[in-house]
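Asks: I'd like to go over a predicted model; first the sequence, then the structure.
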Amino acid sequence: MPKVLISDKMDPRAAAIFRERGVEVDEITGKTPDELKAIIGQYDGLAIRSATKVTKEILDAAPNLKVIGRAGIGVDNVDIPAASAKGVVVMNTPFGNSITTAEHAIALMFALARQLPEANAQTQQGLWPKNGFMGVEVTGKTLGLIGAGNIGSIVASRALGLKMKVVAFDPFLTPERAVEMGVEKADLDTLLAKADFITLHTPLTDQTRNILSKENLAKTKKGVRIINCARGGLVDEAALKEAMDAGHVAGAALDVFVQEPAKESPLFGTPNFICTPHLGASTDEAQVNVALQVAEQLSDYLLDGGITNALNVPSLSAEEAPKLKPYMALAEELGSLVGQLEGDHVQGVSVEVEGHAAELNQKPITAAVLAGLMRVYSDTVNMVNAPFLAKERGLDVREVRHDREGDYQTLVRVTVKTESGDKSVAGTLFGHGSPRLVELFGIKVEADLEGHMLYIVNQDAPGFIGRLGSTLGEAGVNIGTFHLGRRNQGGEAVLLLSVDGAVSQEVLNDICKLAGVKTVKLLRFA
Ligand SMILES: NC(=O)c1ccc[n+]([C@@H]2O[C@H](COP(=O)([O-])OP(=O)(O)OC[C@H]3O[C@@H](n4cnc5c(N)ncnc54)[C@H](O)[C@@H]3O)[C@@H](O)[C@H]2O)c1
Ligand SMILES: O=C(O)CC[C@@H](O)C(=O)O
């Protein structure tokens, strides 16, 4: 009988489901990392919320562990690459606490508008401070929504019900979806300039870290109020403190902090600052939802091999899996490539298969393209929820199957529709199923997409490669592989270089300054 450990406080119905399904379960919460390391070896499954940190060290001490289930959305407390390397499936429950968290954001917005916590505290001290708490109405005010995914879209619908205007910034929000949601799609600067309240609903990624930086806070309207129920690190806490002290930001409510538990913060004690200890998902309803879901998902996997809401493996039947596996790796790389190069502008995606690829079930291939494409924006996207999320956001997804065989025996082509036209990348499988890029935006270029890569577009001219090599060499950047393609002699050329590690912004700037360079971008592949 498989054995599961529930290591964070979870609704008791989770343990009941495990037992009903025939899975042995222990509930041992509040352990230190060393204590967890000492016991994790006996378990096949681990059910967690946010308190347990599943580090590489914990995984190394867990030889029997097959699956980790997060009763919630964010998986920042799990080292997913380390779990994948150990063959441990990581699952989450992406929708169970969305409504609850959206309601928390709205509750904090009202608390800020009427300074409820401080008014309550002073009233209970017997001060009856009737003249000290002049509030603001939310009716007719503009709510700036940064991130319009599951939670953001629920917040928007609630705010519209409160007769607010909603302006949303989300690179993946299509104009059609914005209309459907009843919000105005805007760029970040427009949102910052217009919003009376700003609420954040994105994951924490390299793009979103400090999205409310000192510089961006300065672009907000004087008197703005800020709410963060998503992840600590989206708001620069020191800059927020300064902006509040200067009277520019009228109020801020944080449910999440860079350091959690947040036992101290310069923001504590600041007038009109409100905080809660990461309570966004803490309602009976949400905790029942996520507990039931995580117990069912872990039991399915441990008992029957069924995979749902996995973040690091595709959901597949046992028969299809071996044939599709290399295609899905190729599809995800192509999706990731267009996502990194064009993500902000994508309105639609077409996935074409030809040759041998056309004989397979195309759905997982398309799902892998979408997962690669959208992972740039959300680390919780997986092959299971990527097609659903794409549909929900009005992303036009097409699948085309060609029976003909072209230049390659098998080919997957991904074309994204953008404001500046259609852009296409294509790849094939070589040897024993190794994915290889063969075409990039109309230029024939062969490359394995792996690790850190530099993408450079330049005007084809003699001596350029030498100058580029010197620039990288002087910066101590070692080139692993080098792939070159061009439209025609003297025309536009594309270079894809694999490099041994990340390249600093300074070096990227130096490359930009080389004669003939049009675009430089650092890409990252698994
Ligand atoms: N406070 C809590 O207890 C609590 C509870 C649940 C979820 N969360 C967190 O809330 C966040 C949102 O969850 P969700 O379920 O809505 O996720 P989601 O993946 O459905 O939505 C995230 C949205 O952010 C957008 N996005 C990504 N990068 C962006 C960028 N650079 N600028 C603007 N938008 C960008 C994505 O396109 C997507 O639409 C997550 O970080 C999650 O972990 C917190
Ligand atoms: O488990 C919690 O209480 C927080 C969950 C939340 O941060 C999430 O990402 O789902």
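Replies: Ah, there it is. Ligands and ions are numbered 1, 2, ... in the order given.
Asks: give me the pLDDT for the residue of the stretch 251-400 of the chain found nearest ligand 2.
Replies: Relative to ligand 2, the nearest point of the stretch 251-400 of the chain is Ala281 (3.9 Å; Cβ to the nearest ligand atom). In this view, the C-beta of every residue, glycine as well, is placed from N, C-alpha and C. Looking at Ala281, its pLDDT stands at 96.
Asks: touching, it and Ala102? I think so.
Replies: No: counting by Cβ atoms under 8 Å, Ala281 stays clear of Ala102, with 10.7 Å between them.
Asks: could you check how many residues crowd around the residue in the stretch 1-150 of the chain that ligand 1 sits nearest to?
Replies: Relative to ligand 1, the nearest point of the stretch 1-150 of the chain is Gly149 (1.9 Å; Cβ to the nearest ligand atom). The local packing of Gly149 (other Cβ atoms under 10 Å) involves 25 other residues.
Asks: OK, contacts around it?
Replies: 170, 172, 201-202, 378, 389, 393 (Cβ atoms under 8 Å, 6 or more residues apart in numbering).
Asks: quick one, what contacts the residue of the stretch 251-400 of the chain closest to ligand 2?
Replies: Applying Cβ under 8 Å, 6+ apart to Ala281 gives the contacts 72-73, 97, 100-101, 287, 290.
Asks: could you pick out which of the contacts of Gly149 are near ligand 1?
Replies: Contacts with ligand 1 are made by 170, 172, 201-202, 378 out of the contacts of Gly149, judged by Cβ under 6 Å from any ligand atom.
Asks: export the residues you listed to JSON lines and tack on neighbour count, pLDDT and distance to Thr93?
Replies: Shown next, in JSON lines, are the ones next to ligand 1 among the contacts of Gly149 (neighbours: other Cβ atoms under 10 Å; pLDDT from 0 to 100; distance: Cβ to Cβ, whole Å):
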{"residue": "Asp170", "neighbour count": "23", "pLDDT": "96", "distance to Thr93": "22"}
{"residue": "Phe172", "neighbour count": "24", "pLDDT": "89", "distance to Thr93": "21"}
{"residue": "His201", "neighbour count": "28", "pLDDT": "98", "distance to Thr93": "17"}
{"residue": "Thr202", "neighbour count": "23", "pLDDT": "97", "distance to Thr93": "19"}
{"residue": "Ser378", "neighbour count": "22", "pLDDT": "76", "distance to Thr93": "15"}
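Asks: which parts of the chain sit against ligand 2?
Replies: 49-50, 72-74, 97, 278, 280-282.
Asks: export the residues you listed as JSON lines, with columns for secondary structure.
Replies: Compiled in JSON lines, the residues of the chain next to ligand 2 are given as follows (DSSP: H, G, I helix; E, B strand; the rest coil):
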{"residue": "Arg49", "secondary structure": "coil"}
{"residue": "Ser50", "secondary structure": "coil"}
{"residue": "Gly72", "secondary structure": "coil"}
{"residue": "Ile73", "secondary structure": "coil"}
{"residue": "Gly74", "secondary structure": "coil"}
{"residue": "Asn97", "secondary structure": "coil"}
{"residue": "His278", "secondary structure": "coil"}
{"residue": "Gly280", "secondary structure": "coil"}
{"residue": "Ala281", "secondary structure": "coil"}
{"residue": "Ser282", "secondary structure": "coil"}
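Asks: what ranges does the stretch 51-200 of the chain have for its helices?
Replies: Listed in chain order, the helices of the stretch 51-200 of the chain (DSSP state H, counting those that start in this stretch) span 56-60, 80-85, 98-114, 116-124, 150-161, 175-181, 188-194.
Asks: quickly check: the second one near ligand 1 or not.
Replies: It refers to helix 80-85. No: judged by Cβ under 6 Å from any ligand atom, helix 80-85 stays clear of ligand 1, getting no closer than 13.7 Å.
Asks: please shift the residue numbers so they start at 18 in all later answers.
Replies: In the new count, where the first residue is 18, that last one comes out as helix 97-102.
Asks: tell me the contacts of the spatially most central residue of the chain?
Replies: With distances taken as Cα atoms, centre = their mean, the chain has Ser395 as the residue nearest its mean C-alpha position (1.4 Å). Neighbour list for Ser395: 166, 219-220, 222, 406 [criterion: Cβ under 8 Å, 6+ apart].
Asks: mind doing that once more with 6 Å?
Replies: Pro220 (Cβ atoms under 6 Å, 6 or more residues apart in numbering).
Asks: quick one: secondary structure of it?
Replies: coil.
Asks: format the residues of the chain next to ligand 2 as JSON lines; extra columns: distance to Pro381.
Replies: Below are these laid out as JSON lines (distance: Cβ to Cβ, whole Å):
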{"residue": "Arg66", "distance to Pro381": "30"}
{"residue": "Ser67", "distance to Pro381": "30"}
{"residue": "Gly89", "distance to Pro381": "26"}
{"residue": "Ile90", "distance to Pro381": "23"}
{"residue": "Gly91", "distance to Pro381": "25"}
{"residue": "Asn114", "distance to Pro381": "28"}
{"residue": "His295", "distance to Pro381": "35"}
{"residue": "Gly297", "distance to Pro381": "33"}
{"residue": "Ala298", "distance to Pro381": "30"}
{"residue": "Ser299", "distance to Pro381": "36"}
